[in-house]
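> Below: sequence and its predicted model.
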There are 6 protein chains.
Amino acid sequence: MTFSRPSGRQADQLRSVTLERGFTRHAEGSVLVSFGHTRVLCTASIENRVPAFLRGKGEGWVTAEYGMLPRSTHTRSDREAARGKQGGRTLEIQRLIGRTLRACIDRNALGERTITLDCDVLQADGGTRTAAITGAYVALVDAVNTLLKRGEIKRNPVFGAVAAVSVGVYKGVPVLDLDYAEDSDCDTDMNVVMNDGGGFIELQGTAEGHAFRRDELDALLALAEKGIGELFAAQQAALAQA
Amino acid sequence: MTFSRPSGRQADQLRSVTLERGFTRHAEGSVLVSFGHTRVLCTASIENRVPAFLRGKGEGWVTAEYGMLPRSTHTRSDREAARGKQGGRTLEIQRLIGRTLRACIDRNALGERTITLDCDVLQADGGTRTAAITGAYVALVDAVNTLLKRGEIKRNPVFGAVAAVSVGVYKGVPVLDLDYAEDSDCDTDMNVVMNDGGGFIELQGTAEGHAFRRDELDALLALAEKGIGELFAAQQAALAQA
Amino acid sequence: MTFSRPSGRQADQLRSVTLERGFTRHAEGSVLVSFGHTRVLCTASIENRVPAFLRGKGEGWVTAEYGMLPRSTHTRSDREAARGKQGGRTLEIQRLIGRTLRACIDRNALGERTITLDCDVLQADGGTRTAAITGAYVALVDAVNTLLKRGEIKRNPVFGAVAAVSVGVYKGVPVLDLDYAEDSDCDTDMNVVMNDGGGFIELQGTAEGHAFRRDELDALLALAEKGIGELFAAQQAALAQA
Amino acid sequence: MTFSRPSGRQADQLRSVTLERGFTRHAEGSVLVSFGHTRVLCTASIENRVPAFLRGKGEGWVTAEYGMLPRSTHTRSDREAARGKQGGRTLEIQRLIGRTLRACIDRNALGERTITLDCDVLQADGGTRTAAITGAYVALVDAVNTLLKRGEIKRNPVFGAVAAVSVGVYKGVPVLDLDYAEDSDCDTDMNVVMNDGGGFIELQGTAEGHAFRRDELDALLALAEKGIGELFAAQQAALAQA
Amino acid sequence: MTFSRPSGRQADQLRSVTLERGFTRHAEGSVLVSFGHTRVLCTASIENRVPAFLRGKGEGWVTAEYGMLPRSTHTRSDREAARGKQGGRTLEIQRLIGRTLRACIDRNALGERTITLDCDVLQADGGTRTAAITGAYVALVDAVNTLLKRGEIKRNPVFGAVAAVSVGVYKGVPVLDLDYAEDSDCDTDMNVVMNDGGGFIELQGTAEGHAFRRDELDALLALAEKGIGELFAAQQAALAQA
Amino acid sequence: MTFSRPSGRQADQLRSVTLERGFTRHAEGSVLVSFGHTRVLCTASIENRVPAFLRGKGEGWVTAEYGMLPRSTHTRSDREAARGKQGGRTLEIQRLIGRTLRACIDRNALGERTITLDCDVLQADGGTRTAAITGAYVALVDAVNTLLKRGEIKRNPVFGAVAAVSVGVYKGVPVLDLDYAEDSDCDTDMNVVMNDGGGFIELQGTAEGHAFRRDELDALLALAEKGIGELFAAQQAALAQA
């Protein structure tokens, strides 16, 4: 008996990834990222003010907000604005996105500005947070380039690149970039965020069923490293276009 | 001296209108509507339950929710989910959308089901509520056709069509389908919703500066009637595609 | 068979209208307005500050808040303060009241002051928003006269008058000033706000059942114009008293 | 030098008290109570359901809600519905009103019904909670009489009467029924609720400045007893009218 | 038949009272107070700012917050942070604690500082609010002594002492310091707060069942006076330790 | 120059760990856990109902709530109940605690019951979430033993043990069990949750400054494994006591 993924992908194969810059026109950076059927609109907005705890220090801030359109999912979810609060999962994800993108920003070089990355899921099929991080990086670079072009900053505050992917153990086999069908039938999954220097920015592994052994962890990290390498290439290709 | 609109359009000319069906895959109806640069994603979701006040009556319900992505606008707006409540403008618009689409539904034929129309603005350039109504109608028809195809309902509960457009007095001249540049520099504007029998479903006219005279009202209604006629044609053309 | 209204009124007859100034003692303007059994307490409060977006511009602001006492209605409604938020209908109405009263105020002449119009429904029998607008105008004039008497402003910032009435098609006949019995059994209704120069400030028409034709619209507007003329007379008579 | 109250009243003199039944028409009981310039609208609403903790026990419930119109006070207060929550003082007062009125109700005789007493302050001049209790009792009796008249209950669930008054030490002298001028310049005040059997239902004494001695407490209780006796007479007189 | 309390205590006997200073290490004052099984952690925190209404007046502020851990009670209660609001009982108690402790503070001597007393119930067995007041006083003294030691204030702003106890009529007999078993089976109870000059700061008596007569009130006040005397001794003993 | 930790501990040394069972008396399990100065009260409460999504399935549920007393920290934090919502960090931590403890529970053996683990931080000095998980496990076992003793369940639903510790790179050296001084001056930290079969339940690593390399990750995991082994011993020792 041979193992097969619902999508027919190889164990170490990403879904088709696209990064469409300039998807909307008002934001300083606007990227529609797709990891297969997962589609997230990532916009980067620049504002000339910082949160209270940073005022007067000459440093900037990068933060993120995350949301899912009510019918981005298989069955409709409540609109968080209507329920009157953001859920725990939402807060957890937007804190993650903001934290990881701050890891590639020199906040002094940014100056007293805030860049807000809004990641809104138009269609969900697993991996929305990793797609969001990967796309938000591109939107962030576009926003920063706007500042450089306008002469508002002198030095590029972005150093290196950041991208993210999920990995998990599906039917006993470590696989890369889980889609919804795999994610909902998976014992263990992990979200991995890396920089292009090969360093880990975030690791979030959760064993819902079977606790993972050390050798499984090693295999998962190897898969993530391979996938993220491909995501860096996709980011660079997208940014190389006019 | 001749009058001219910022966009160069004729006074009675709509912006370019597109209705892209199947824009996302999970919803029973999913339409990306564009009125020029205004782009609204309208999804129709079917659920087999009705609000408490209708339970056990054999009738269905159609309702709407509206939202703007934080950076759909020129400058970033707060995310309503983060602020913890929907603003008055949002509530007013979603009540309007729900009310006008219930005007073309036979709720008995729908049976004890709710169809929720989520209208999320991806990009705003004036007229988001009228684009939303016009697009939501198409999503509603797609959702109802899903029910008919599945044999869950016998009779088509949609009768006629509904579409909407804005009109206003811009620099003293009545014009059709205001974009943002006109809307923000306009004394008087009116949103008009009609059905394809020539009846008015909603009229909402507001004079921010100069109170409008009866003859201006007549001119505005004539423009709206013309524009809505063209919108009905666009809806039918979109629905005629496979 | 002849048509008759539940109240026995003629189709073009207002309910008995009273405007009792000085109903409470602390507010700068305090008017109890009655349209038949509908009774709304309208107070105008002056504060020497303006919202953030107007600070330092030398302009004033007029705004409104609306509420219904829980048992102003046939059956008790939840108290909005206890539920923790104002409903969509409430927000919609208070936005309307504020907008229409700003239409008769020269905000430069008012100076950096806010006048808040609180419209609280003590008893509801249809037409609370139109009664509120009509009564709030008188409270606003009283508040402005207080400022003039105290010498705090030089020039009267109120120009013209504003009043409002509802009209609707009841059992096929256009009628003026709907009471609750008519309103809840009515296909079409419209709230009309006018100034005393004959201009329209707001038109809000809604067809719950039968979409209204153009000739019905014309008949409704004529009725509204007649009724509002009588309301202007009632306002002037009330203001003429000591 | 002789002592004098701002109002010129004797130390043991109530303000003028009126209880106007039937002030509004929809509620089963509706009383406008005035203690001098303090005016509170008390309505009693009957509903055929009880809170979850009482369901199926055959017992009824009496509860209260309290609110102040924003401009019932000298300077405008925020509307609690707009702020999104009821303040601590509001909750404290409505809990007090509900508790004291439950003290004169046989909940078994009431059956599975809730009577809600809404006490809304139209004008405040000190003593709003004691006026509310005194007026709500009359509204409660009217509501219960409605049930008796309709034959929905057999036995009168109201036993005895309940009324309330404030007392305090003003400029060193114990006085009855503090108005706002006294209340805001008073070292010690106490709200006293009694039944007509001479028993105390609630005592709430607070020393903002000077802690009160035992002999002052005795004098205050004697004043309260006298005043409440007069309030019982006023309640009976009001209820004796058709 | 002789009367007996569930705990076997005499009618005029307090539970065992302990005041453990320095229970936690970060707060300027931190006291774990026990009245029998009732245990409340009272911390006093100093901040160099005052609420807006006091800014620039050179006066300080003392305020309190109260909470119960969800399982401090016999059955688990909802966590108020999760429900999204503090209940009426909580607000009432924390207002009481703040008010009574302000009664022994010279706010001018404190200077523009706020001392916040957080009273968190670890285990509840009746009398949490009176234990909280008694313990918070000790925490307040410790915090003020910190300020004196640091030389931040010159003069001790605390004058006198404040303590509190509950009394009630249990099975017809007036008793001191009700525990939960008594409290939940008690017709009448009263919380009494006094200063060490013998003055009453607060009296809050409630008759849930039988309204209390004047002679019962006198007996309850005598019991309270005796118990509070013992609490002052316990406070002084605790403060006398290093 | 030699490396030293602020506390003088060895790099692979835990703080002093205590687990005090029966700290409070009402909860079915109640444990005060200390990791050095970090003290968390963990209570386990049993309720005979399950969340809606599990009703009628015969399965139980284990969930957690987390809170910090306002002055458990160096400077006072806002009370979440007063602010009206739980912050993102709180939600993230309580989701983590619940998830990890569900990893050692057979929910079928538990039956339709919910066990809620309330983890309230009395004093914080770094590592509150890992202390909470470690202590909550003991409280959970105590609660389950209560059910077994009462005969309410037949089979022990707890399998294995769960404990957690933090690790991080402090001044370039991988260290075990970070205290606050280390945590706030640390480039990289990771929370590790394991079961006593050597499997990983959760890994949450965050690089605030320097992204961690693969060899650092390996060193951190080895430290965590060592520390968690000692925590399992401490849990067993505590549970072995009467």
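It's in. In this text the structure is predicted, and so the values were computed from the model without any measurement.
> Please enumerate the helices of chain A.
Under the criterion DSSP state H, chain A contains helices at A:80-83, A:88-102, A:107-110, A:128-149, A:180-183, A:214-240.
> Pull out the buried residues from the first one.
For helix A:80-83, burial by neighbour count (16 or more other Cβ atoms under 10 Å in any protein chain shown) applies to A:Glu80, A:Ala81, A:Ala82. The C-beta positions use only the backbone N, C-alpha and C, and glycine is treated the same way.
> Model confidence for the second one, exactly?
What the model reports as pLDDT for A:Ala81 is 96.
> got the contact list for it?
Counting by Cβ atoms under 8 Å, 6 or more residues apart in numbering or on different chains, A:Ala81 touches B:Gly67, B:Arg79, B:Glu80, B:Ala81, B:Lys85, B:Gln86, B:Thr90.
> Name the nearest residue to it, ignoring sequence neighbours.
B:Glu80 (3.6 Å; Cβ to Cβ, 6 or more residues apart in numbering or on different chains).
> Quick check, that neighbour in contact with B:Gly87.
Yes: under the criterion of Cβ atoms under 8 Å, B:Glu80 makes contact with B:Gly87 at 6.6 Å.
> can you list the weak-confidence ranges in chain A?
Applying pLDDT under 70 to chain A flags residues A:1-2.
> Can you give me the separation between A:Val162 and chain D?
38 Å (Cβ to the nearest Cβ, to the nearest Å).
> no wait, A:Thr206
For A:Thr206, the distance to chain D - Cβ to the nearest Cβ - is 35 Å.
> and the residue lying closest to that residue once chain neighbours are set aside, how many neighbours?
Among residues not flanking A:Thr206 along the chain, F:Glu202 sits closest, at 5.6 Å (Cβ to Cβ, 6+ apart). Residues near F:Glu202, counting by other Cβ atoms under 10 Å in any protein chain shown, number 21.
> what do you get for A:Asp118?
By the criterion of other Cβ under 10 Å, A:Asp118 has 27 neighbours.
> thinking again about what came up before, surely the residue nearest to A:Thr206 and F:Ser166 touch.
No: with contact defined as Cβ under 8 Å, F:Glu202 and F:Ser166 do not form a contacting pair (11.8 Å).
> hey, what's in contact with both of these two?
F:Asn191, F:Val192.
> Bridging across strands, which residues link to the residue nearest to A:Thr206?
Note on F:Glu202: beta-bridge partners by DSSP bridges are A:Thr206, F:Val193.
> try A:Gly29
A:Ala44.
> any idea how far A:Val31 is from C:Phe159?
According to Cβ to Cβ, to the nearest Å, A:Val31 and C:Phe159 sit 51 Å apart.
> out of the two, which sits in the busier spot?
A count of neighbours by other Cβ under 10 Å puts A:Val31 above the other of A:Val31 and C:Phe159, at 31 against 13.
> circling back to that earlier point, any chance of JSON lines for the buried residues of helix A:80-83, columns distance to A:Phe35?
Below are the buried residues of helix A:80-83 laid out as JSON lines (distance: Cβ to Cβ, whole Å):
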{"residue": "A:Glu80", "distance to A:Phe35": "23"}
{"residue": "A:Ala81", "distance to A:Phe35": "26"}
{"residue": "A:Ala82", "distance to A:Phe35": "28"}
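> still on that earlier bit, ok, and the most crowded of the contacts of A:Ala81?
Compared across these, B:Gly67 has the highest neighbour count, 26 neighbours, by other Cβ under 10 Å.
> Now do the residue nearest the centre of chain A against A:Val158, distance only.
Nearest to the geometric centre of chain A sits A:Ile133, at 1.5 Å (Cα atoms, centre = their mean). The gap separating A:Ile133 from A:Val158 is 14 Å, by Cβ to Cβ.
> Provide the count of other residues in contact range of A:Glu208.
Residues within reach of A:Glu208, counting by other Cβ under 10 Å, total 14.
> need the contact list for it.
Going by Cβ under 8 Å, 6+ apart, A:Glu208 touches A:Cys186, A:Asp187, A:Thr188, A:Asp189, F:Arg99, F:Ala103.
> A:Ala207 reaches F:Ile201, doesn't it?
Yes: between A:Ala207 and F:Ile201 there is a contact at 5.2 Å, judged by Cβ under 8 Å.
> any shared contact partners between the two?
Jointly contacting A:Ala207 and F:Ile201 under the rule Cβ under 8 Å, 6+ apart are F:Ala103.
> and the residue nearest to A:Glu20 when sequence neighbours are not counted, what does it touch?
Spatial nearest neighbour of A:Glu20, excluding adjacent residues (Cβ to Cβ, 6+ apart): A:Leu32 at 4.3 Å. Residues in contact with A:Leu32, defined by Cβ under 8 Å, 6+ apart, are A:Thr18, A:Leu19, A:Glu20, A:Phe23, A:Arg39, A:Val40, A:Leu41, A:Cys42, A:Leu122, A:Gly135.
> what does A:Arg49 give?
A:Glu112, A:Arg113, A:Thr114.
> give me that answer again for 10 Å
Applying Cβ atoms under 10 Å, 6 or more residues apart in numbering or on different chains to A:Arg49 gives the contacts A:Arg55, A:Trp61, A:Glu112, A:Arg113, A:Thr114.
> wait, what's in contact with the spatially closest residue to A:Arg21 that is not a sequence neighbour?
Distances taken as Cβ to Cβ, 6+ apart place A:Val31 nearest to A:Arg21, at 5.5 Å, with adjacent residues excluded. Contact partners of A:Val31, counting by Cβ under 10 Å, 6+ apart, are A:18-24, A:40-44, A:117, A:119, A:134-142, A:235, A:238-239.
> Right, I'll leave it there.
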